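> Here's a sequence, model it:
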Amino acid sequence: QLQLVESGGGLVQPGGSLRLSCAASGFTLDYYAIGWFRLAPGKEREGVSCISSSGRSTNYADSVKGRFAISRDNAKSTVYLQMNSLKPEDTAVYYCAATTGLLYGSSCPDEYDYWGQGTQVTVSS
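Residues are numbered from 1 along each chain as shown. I've put the predicted structure just below:
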């Protein structure tokens, strides 16, 4: 069964850091670009960041630029989202998704083939 599994979420104080992981099960991520998304209560899903299959191209939403960093280790079939200087407004369920689509300029792919189940991130004092 082809799956993406997120981990690393939790409760953190404002200003703190978390690192989310997105691991593939049943397939390899080598040929897929990966996107991170988040969904907060009462809000629409927001694209946070994406990374090309090679890792050479990355994009970020303005709301996280300079605070979050996406990376990947294809040997481990895992993509990471390092989140620093977290704010209460970063509280959401974070999802990763895989796509054969390409990154163009500052945009992330629109459609994704596989989604993870999500991991909760709560930023609160």
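> For beta bridges, what are the partners of the most centrally placed residue in the chain?
By C-alpha atoms, centre = their mean, the chain has its centre lying nearest to Trp36, at 2.5 Å. With DSSP bridges as the criterion, Trp36 is bridged to Ser49, Cys96.
> residue contacts, it?
Trp36 makes contacts with 20, 22, 47-50, 70, 79, 81, 94-97, as judged by C-beta atoms under 8 Å, 6 or more residues apart in numbering. (Glycine included, C-beta is placed from N, CA and C.)
> Mind putting those into a markdown table with distance to Gln117, pLDDT and neighbour count?
Below are the contacts of Trp36 laid out as a markdown table (distance: C-beta to C-beta, whole Å; pLDDT from 0 to 100; neighbours: other C-beta atoms under 10 Å):
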| residue | distance to Gln117 | pLDDT | neighbour count |
| --- | --- | --- | --- |
| Leu20 | 13 | 98 | 24 |
| Cys22 | 11 | 98 | 27 |
| Gly47 | 18 | 97 | 17 |
| Val48 | 17 | 98 | 25 |
| Ser49 | 19 | 98 | 23 |
| Cys50 | 19 | 97 | 26 |
| Ile70 | 19 | 98 | 23 |
| Val79 | 15 | 97 | 29 |
| Leu81 | 16 | 98 | 26 |
| Tyr94 | 11 | 98 | 23 |
| Tyr95 | 8 | 98 | 22 |
| Cys96 | 10 | 98 | 32 |
| Ala97 | 11 | 97 | 22 |
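> That'll do, ta.
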